[in-house]
Structure formats: C-alpha cells, structure tokens
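Peer 1: Generate coordinates for the sequence data below:
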Amino acid sequence: MLNRSVKVAAVQAEPVWGDMDAGIDKCVGLIEDAAANGAEVVGFPETFVPGYPWHIWLDSPAANMAFVPGYIANSPTIDGPEMQKIADAAGKNNITVMLGYSQRRGGSLYMAQATFSPDGELLQNRNKLKPTHVERTVFGEGDGSDLAVVEMPYGNIGSLCCWEHLQPLSKYAMYAMDEDIHCAAWPSFSLYKGAANALGAEVNNAASLMYAVEGSNFVLAPCAVTGPSGHDFFCDTDAKKQMLQIGGGFAKIYGPDGSSLAEPLPEDQEGIIYATCEPALQAISKSVADPAGHYSRPDVTSLLLNRSAQPAVTDRAPAAPAEVIDLELEEV
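Peer 2: I've put the predicted structure just below:
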C-alpha cells in the first residue's frame, strides 16, 4: 500500500526512429521536464529507444531484413554508456525513471524496461515474457525473473509492456506482489487505425484501465506518437501510410477505481501528462476487492509461479577428481 502521495508522469512522444544517441538525448530532456514539474516517477513507451519496429507489420520478413542491421546497432546494452546517461539523468533530477527500450544482449534483442532510482541506481531490468505475433521475428523472450516489483520508500512499483496486459496469469502474479504504482508501456496506437481490431486505442487503454481496477493500483500508461518522421522512416508506399497512420498517442493515467486521473493530450501531440497517486483512493479500492488478498479463493484457484532465471548456459564447477586409495594386499 502507498504510504504517501506520489506525483507520476506518463510520456506521450515520438521516438527518434532508428537513432539510439538522439533518442537517449530526447529521453534525458523528457526526464528533466518531468522532474521540473514535480514528478517523482516518469514512465516511457514500449521500445522508445530506438523506437518500435513498425516495419514488421508493414511488409514481408524478407523485405524487413533491410531494417535489421540498423535496429540492432541502435539498440542499447544495459551496461553501455547510453543507459548510463539515463541513470545519470535520474540521479541528477531526483526522479524514478521507467524506460522502455530495445535491449541488445549478444546477438539478440529483447523488449526491455529498465527502472532507475532517484539516486541513479539500476533497480530492475526486465524483458517482455512473450513478444506479440510478428514481434517474435525481432525479439527474444523473457523468463519468470522478469515478473517482479521494486520496493520504494512510498510503496511498490512494477512494469509490464503492451499485450502482457492481456496475460491474466502474469497480471495476477504482479498483483500478488502488492504492486502500488504500475507502468504499462505501449507503442503508438497507429496501426490500422480506425479499424475494429484489438490493436487500437480503445481495447488497449481498456487493458490498462482494467489492470488498475483488478490490481487496486495506479497505472501510468505512456504511449508513443507516430509523426511525419515515422512515415518517412517506415513507409515507402501509400499503402504503408494507410496501414501506419499519423498520431496514435493515447497516454493515460488511471486510478485504482478506474478513474482517469490526467487530462489526455491530442493523439498527435507530444508532451507529458501528470497525476497524483493518493493513498486513500487505493485504500478504498483494496478494501472492496483485493484480488490476491481477502477477495481471493486459493482453495479453488491458485497460481504456480516460476520466478527463476533461465539462462541458455549454466556453468558448473568440474567434479573433484576421485581420491586414489593404494591398497596393499597381505599374503595369506
């Protein structure tokens, strides 16, 4: 449970497509803006650096190979100088930063979310458990260690991205860790916009809203924008421009009662929205329906959670050599 009021911020902005260094610099500027407006926590959209790879939805796998070298080269490593700039910005501005980015680890990429403390310390780096649909042509999977919350002086914070909010068991695992403030990171809702499908803003914002209500927590839902530079980067035909449309920014902040706590921005406008998370609002919601507490029925349904990391290689110490015993046989 939150023990005091906390001001939070959700970013609605366009990535610097395919440019890691410029993207990191833009993040630093947004961090400074959020802190200057009194926010203690700021959340960024999914894979904000170097931008969501929209090309995977717009063309064939063979055609998309042209994007691969650049996307890998512009995906940060967690221990690289680019992420150190984010850590330094968090520390300099005394703010918790929850950054969505494409993490490069060896020859593989992961849809990651890194949380940095107001002291500039890396508190958590998690990966999306299951990339969605064609995302699996770019990104690898996370494991059970990627479902976790971080303890802060005012309460617990955690994060998931995109359609992890449609995974009931993953959500319940997070609820059971007594999460108070949650970052639900989304790309822009620009794909096939206007069509009745599950990729649009209505369905996905409903997922963020229900996460807040089910978990009795506060949800900041940062969401990216696709602007003319996104069209220039991804769309070389009119047909692609019809599929990936301008706008798509629908950042939201929800309270545990389902209320919208921040005035939304126009979908094509960049900016930051703010809200204050009040403990009393969470207390009332928890008292009505605490899903992993008094409102649960573990005798009927329960969750088995494996939170151990699953590395591809596990080093084991070589076995000690067997002791050689010299036996002298006595003649009879």
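Peer 1: low-scoring pLDDT stretches of the chain, where are they?
Peer 2: For the chain, residues meeting the criterion pLDDT under 70 lie at 194-196, 319-320, 322-332.
Peer 1: residues in contact with Lys7?
Peer 2: 38-41, 274-277 (C-beta atoms under 8 Å, 6 or more residues apart in numbering). Every residue, glycine included, has its C-beta placed from N, CA and C.
Peer 1: what lines up beside the helix or strand hosting it in the sheet?
Peer 2: Here Lys7 sits within strand 6-12, counting by DSSP states H and E. Partner strands and pairing direction for strand 6-12 (DSSP bridges) are strand 41-43 (parallel), strand 271-277 (antiparallel).
Peer 1: Show me what the helix or strand following the first one is packed up against.
Peer 2: Spelled out, it's strand 41-43. Note on strand 41-43: by DSSP H and E, the next helix or strand toward the C-terminus is helix 55-58. Contacts defined by 3 or more C-beta pairs under 8 Å, 6 or more residues apart in numbering; DSSP states H and E place helix 55-58 against helix 238-243.
Peer 1: for the stretch 151-300 of the chain, what spans make up the strands?
Peer 2: 155-161, 181-185, 218-221, 252-254, 271-277 (DSSP state E, counting those that start in this stretch).
Peer 1: before we move on, what about the stretch 1-150 of the chain?
Peer 2: Along the stretch 1-150 of the chain, the stretches classed as strands by DSSP E, counting those that start in this stretch are 6-12, 41-43, 96-105, 108-116, 122-127, 149-152.
Peer 1: about what we covered before: how about the contacts of Lys7 in JSON lines, adding distance to Ser229 and neighbour count?
Peer 2: JSON lines is the format used below for these (distance: C-beta to C-beta, whole Å; neighbours: other C-beta atoms under 10 Å):
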{"residue": "Gly38", "distance to Ser229": "30", "neighbour count": "11"}
{"residue": "Ala39", "distance to Ser229": "26", "neighbour count": "24"}
{"residue": "Glu40", "distance to Ser229": "31", "neighbour count": "20"}
{"residue": "Val41", "distance to Ser229": "28", "neighbour count": "24"}
{"residue": "Tyr274", "distance to Ser229": "26", "neighbour count": "19"}
{"residue": "Ala275", "distance to Ser229": "29", "neighbour count": "22"}
{"residue": "Thr276", "distance to Ser229": "33", "neighbour count": "17"}
{"residue": "Cys277", "distance to Ser229": "33", "neighbour count": "26"}
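Peer 1: which parts of stretch 98-111 are buried?
Peer 2: Buried residues in stretch 98-111, counting neighbours by 16 or more other C-beta atoms under 10 Å, are found at 98-104, 109-111.
Peer 1: which of those residues lies closest to Gln124?
Peer 2: Minimum distance to Gln124 across the buried residues of stretch 98-111 is 8.9 Å, recorded for Met98 (C-beta to C-beta).
Peer 1: who touches that closest one in this structure?
Peer 2: By C-beta under 8 Å, 6+ apart, the contact set of Met98 is 41-44, 113-115, 157, 159, 183, 185.
Peer 1: rewinding a little: using TSV, lay out the strands of the stretch 1-150 of the chain together with distance to Glu202.
Peer 2: Listed next are those as TSV, based on distance: least, C-beta to C-beta, whole Å:
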stretch	distance to Glu202
strand 6-12	17
strand 41-43	21
strand 96-105	22
strand 108-116	23
strand 122-127	27
strand 149-152	28
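Peer 1: now for those, which one comes closest to Leu166?
Peer 2: Of the strands of the stretch 1-150 of the chain, the one closest to Leu166 (C-beta to C-beta) turns out to be strand 108-116, at 14.8 Å.
Peer 1: for the closest one, packing partners?
Peer 2: Short answer (3+ C-beta pairs under 8 Å, 6+ apart): strand 108-116 packs on helix 81-93, strand 96-105, strand 122-127, strand 155-161.
Peer 1: May I have the second one as CSV, with CA atoms only?
Peer 2: Taking C-alpha atoms only, strand 96-105 is exported to CSV below (Å, rounded to 0.1, in the frame of the first residue of the first chain):
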residue,chain,number,x,y,z
THR,A,96,12.5,7.4,-10.8
VAL,A,97,12.7,6.6,-14.5
MET,A,98,10.9,3.6,-16.1
LEU,A,99,12.3,3.4,-19.6
GLY,A,100,11.1,1.1,-22.4
TYR,A,101,13.8,0.2,-24.9
SER,A,102,15.1,-2.5,-27.2
GLN,A,103,17.9,-4.2,-25.3
ARG,A,104,20.8,-5.7,-27.2
ARG,A,105,22.4,-8.7,-25.4
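Peer 1: picking that back up, okay, the buried residues of stretch 98-111 in JSON lines with distance to Cys235 next?
Peer 2: Below are these laid out as JSON lines (distance: C-beta to C-beta, whole Å):
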{"residue": "Met98", "distance to Cys235": "30"}
{"residue": "Leu99", "distance to Cys235": "26"}
{"residue": "Gly100", "distance to Cys235": "23"}
{"residue": "Tyr101", "distance to Cys235": "23"}
{"residue": "Ser102", "distance to Cys235": "20"}
{"residue": "Gln103", "distance to Cys235": "26"}
{"residue": "Arg104", "distance to Cys235": "25"}
{"residue": "Leu109", "distance to Cys235": "22"}
{"residue": "Tyr110", "distance to Cys235": "26"}
{"residue": "Met111", "distance to Cys235": "22"}
